[in-house]
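Novice: I need the structure of the sequence given here:
(one chain, ligands or ions: 1)
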Amino acid sequence: MNILQASRGAGRVVGRFAPSPTGPLHFGSMVAALGSCLSARAQGGDWRVRIEDVDTPRSVPGAADGILRTLERFGFEWDGEVVWQSSRTGAYRSAFERLREAGQVFGCACTRKEMADSALSRDGTRRYPGTCRLGLPAGRVARAWRLAVPAGPIHFEDGVQGAIREEVACEVGDFVLLRADGLFAYQLAVVVDDAEAGVTEVVRGADLLDSTARQILLQRLLGYPAPAYAHLPVACNLAGEKLSKQTLARAIEAAAPAQVLVDALAFLGQAPPADLAVDSLAAVWSWARTHWCLDRVPRCRAVPAPAYA
Ligand code: GLU
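Specialist: Below you'll find the model as predicted:
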């Protein structure tokens, strides 16, 4: 029994894939789609898809439809309707108001420029120095709203990466929930959406490992149950950079689906038979569903995938 199976209660397993529509699917996102889907299906669970377009300025027109079409062409079948974050502002607002009424949120006047000297946190954002935590400086108005992060470590057992400990207050500081441009932050949106969809396990790329402690903290403050987590290695190029639009990763829209899925299975340590891709897409899925084993996934944060870089 792996950690995902051990940590679930008696209820139905619900997994999800939550792409941001910033460009076409590349091999790395296909790995996350496949791993999350197989993990849920192997336990007889549901698998849902959510388009993470909360950050509307970063969303690329047409990208979400392209992602959904590619998933269908690759033989993915999701349960229920696709959830679009851009239509869920009301749910984010009510969670935000609950935190605000509980005194856990404060207005912040600091500009990016004013924080330029703060230390960098692990994910490359500026660690908040606490300037407005006890009240706005005279004559300043709130631009963004931050969570007053309580001191103390967050511990969790990741299904792939093992025991993780993070002290959010020291390593990230008070993070933004409502941005200066009026949009709710990804960290809040993801927690509200996962809770509302009844998600019991989050299987995604290890680039999001540094977000997880913040999300667990928000789940606790909002009284939501904590899902189990498993962070899969991300696909990188030979320079060790995560495949992305920025690294000009190959889009897989036009690639042969059976071969890409077999390559993704091999990337995830599942050792598919060499000739599996010669068979139909249905045969690849059938093999994958019966052979999926989370314990075989390499226990590291990144693995090169030069053929797709
Ligand atoms: N939208 C995020 C991404 O595409 C994934 C978020 C998640 O799985 O929690 O990187």
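Novice: report the closest residue of the stretch 151-300 of the chain relative to the ligand.
Specialist: residue 204 (3.8 Å; Cβ to the nearest ligand atom). For glycine as for every other residue, the C-beta is placed from the backbone atoms N, C-alpha and C.
Novice: that residue reaches residue 232, doesn't it?
Specialist: Yes: contact criterion Cβ atoms under 8 Å: residue 204 and residue 232 qualify, at 7.0 Å.
Novice: is the residue of the stretch 151-300 of the chain closest to the ligand bridged to anything, and to what?
Specialist: Going by DSSP bridges, residue 204 is paired in beta bridges with residue 231.
Novice: tell me the contacts of it?
Specialist: Residues near residue 204 by Cβ atoms under 8 Å, 6 or more residues apart in numbering: 17, 18, 32, 36, 231, 232.
Novice: so what's residue 22 up against?
Specialist: 58, 59, 60, 63, 245.
Novice: got any residues that touch both of residue 204 and residue 232?
Specialist: With Cβ under 8 Å, 6+ apart as the test, residue 204 and residue 232 both reach residue 32.
Novice: in ChimeraX, how would I select the buried members of the contacts of residue 22?
Specialist: Burial among these is assessed by 16 or more other Cβ atoms under 10 Å; the matching ChimeraX selection reads:
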select :59,63
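Novice: which is the next helix or strand following the longest helix seen in the chain?
Specialist: When the chain is parsed with DSSP state H, its longest helix is helix 27-42. Downstream of helix 27-42, the next assigned helix or strand under DSSP states H and E is strand 46-51.
Novice: that next one vs helix 27-42, what angle?
Specialist: 150 degrees (axes from the mean of the first three to the mean of the last three Cα atoms, to 10 degrees).
Novice: put the alpha carbons of strand 46-51 into CSV.
Specialist: Taking C-alpha atoms only, strand 46-51 is exported to CSV below (Å, rounded to 0.1, in the frame of the first residue of the first chain):
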residue,chain,number,x,y,z
ASP,A,46,-12.7,9.8,-10.2
TRP,A,47,-10.4,12.1,-12.1
ARG,A,48,-11.4,15.7,-12.8
VAL,A,49,-10.0,18.4,-15.0
ARG,A,50,-9.8,22.1,-14.0
ILE,A,51,-8.5,24.9,-16.2
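Novice: for the closest residue to residue 262 other than its chain neighbours, what are phi and psi?
Specialist: In space, and not counting its chain neighbours, residue 262 is closest to residue 277: 4.2 Å by Cβ to Cβ, 6 or more residues apart in numbering. Residue 277 adopts backbone torsions of phi -70, psi -10, taken as degrees, to the nearest 10.
Novice: how about the residues of the stretch 201-309 of the chain by the ligand?
Specialist: By Cβ under 6 Å from any ligand atom, the residues of the stretch 201-309 of the chain that approach the ligand are 204, 208.
Novice: can you show me the strands along the stretch 101-250 of the chain?
Specialist: 105-108, 144-147, 154-158, 162-166, 176-178, 201-205, 228-232, 234-236 (DSSP state E, counting those that start in this stretch).
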